[in-house]
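Student: sequence first, then the predicted structure, then my questions.
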Amino acid sequence: MIRVVRALAVGALATLLASPATGAAQEPLGIKLGAKAPGAVVQTLDGKPLDLGTFIGKQPVLLEFWATWCGNCRELEPQMDAVVKKYGSRVKFVAVAVSVNQSPERAKAYAEKHSFMHQVVYDKDGQATDAYDAPATSYIVVIDKAGKVVYTGLGGEQNLDEAVKKGL
């Protein structure tokens, strides 16, 4: 029941935050800046468990809490493609597909259709969403090589290049 209420709140907040005035200019949301990034078990798109903690502390990581139906996420796609091309050898990029109104199959089909160059995982049980206190889709978390959260942002008008630089 809690997951259903949280899912509805995430969807409502994503809709509310769709206006440009609420982009990255607001106070940081979700996990606190400077916090040690937690691990969380998600699934690969073929259903195998994967702990996000395996990426932390090895190189900078950018997590995007994402959905196929998210307009702000679609708005971020060109920037995501650009930063993956620019920093892909130095930064791990992971799209965490939330489990609200989508399936691993739907996330995989979308990622393939749109030629995602970064890893896409599925947050079946909401562990990652909970661990990072993700307030909505289009939520970006950048983690530096030491495993500390150095950026959080929400909405379609974030500057992902500047966000990634904070993690380098």
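Tutor: Done, it's in.

Student: just the CA coordinates of stretch 69-77, formatted as CSV?
Tutor: C-alpha atoms of stretch 69-77 as CSV (Å, rounded to 0.1, in the frame of the first residue of the first chain):
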residue,chain,number,x,y,z
TRP,A,69,6.0,8.2,-20.0
CYS,A,70,7.9,11.1,-18.4
GLY,A,71,7.9,14.3,-20.4
ASN,A,72,10.8,15.8,-18.4
CYS,A,73,12.8,12.7,-19.0
ARG,A,74,12.2,13.0,-22.8
GLU,A,75,13.3,16.7,-22.5
LEU,A,76,16.6,15.5,-20.9
GLU,A,77,17.3,12.8,-23.5
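
Student: that stretch - what's its average pLDDT?
Tutor: Per-region confidence: stretch 69-77 scores 97 on mean pLDDT.

Student: where do the strands sit along this protein?
Tutor: Remark: strands assigned in the chain by DSSP state E are 41-44, 49-51, 61-66, 92-98, 119-123, 139-143, 149-154.

Student: could the ones you listed be laid out in TSV, adding mean neighbour count?
Tutor: Backbone N, C-alpha and C define where each C-beta goes, glycine included. Output for the strands of the chain, formatted as TSV (neighbours: other CB atoms under 10 Å):
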stretch	mean neighbour count
strand 41-44	18
strand 49-51	13
strand 61-66	26
strand 92-98	24
strand 119-123	22
strand 139-143	27
strand 149-154	23
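
Student: can I get the ones you listed in TSV including distance to Arg74 and mean pLDDT?
Tutor: Shown next, in TSV, are those (distance: least, CB to CB, whole Å; pLDDT from 0 to 100):
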stretch	distance to Arg74	mean pLDDT
strand 41-44	21	98
strand 49-51	25	98
strand 61-66	10	98
strand 92-98	12	98
strand 119-123	14	98
strand 139-143	14	98
strand 149-154	15	98
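
Student: including distance to Glu75, could the ones you listed go into TSV?
Tutor: Formatted as TSV, these follow (distance: least, CB to CB, whole Å):
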stretch	distance to Glu75
strand 41-44	24
strand 49-51	27
strand 61-66	12
strand 92-98	14
strand 119-123	18
strand 139-143	12
strand 149-154	12
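
Student: quick one: closest of the ones you listed to Glu112.
Tutor: Closest to Glu112 of those, according to CB to CB: strand 119-123, at 9.4 Å.

Student: and the most centrally placed residue in the chain, what are its bridge partners?
Tutor: In the chain, the centroid-proximal residue (CA atoms, centre = their mean) is Glu64; its distance is 1.5 Å. Applying DSSP bridges to Glu64 gives these bridge partners: Ala95, Ile140.
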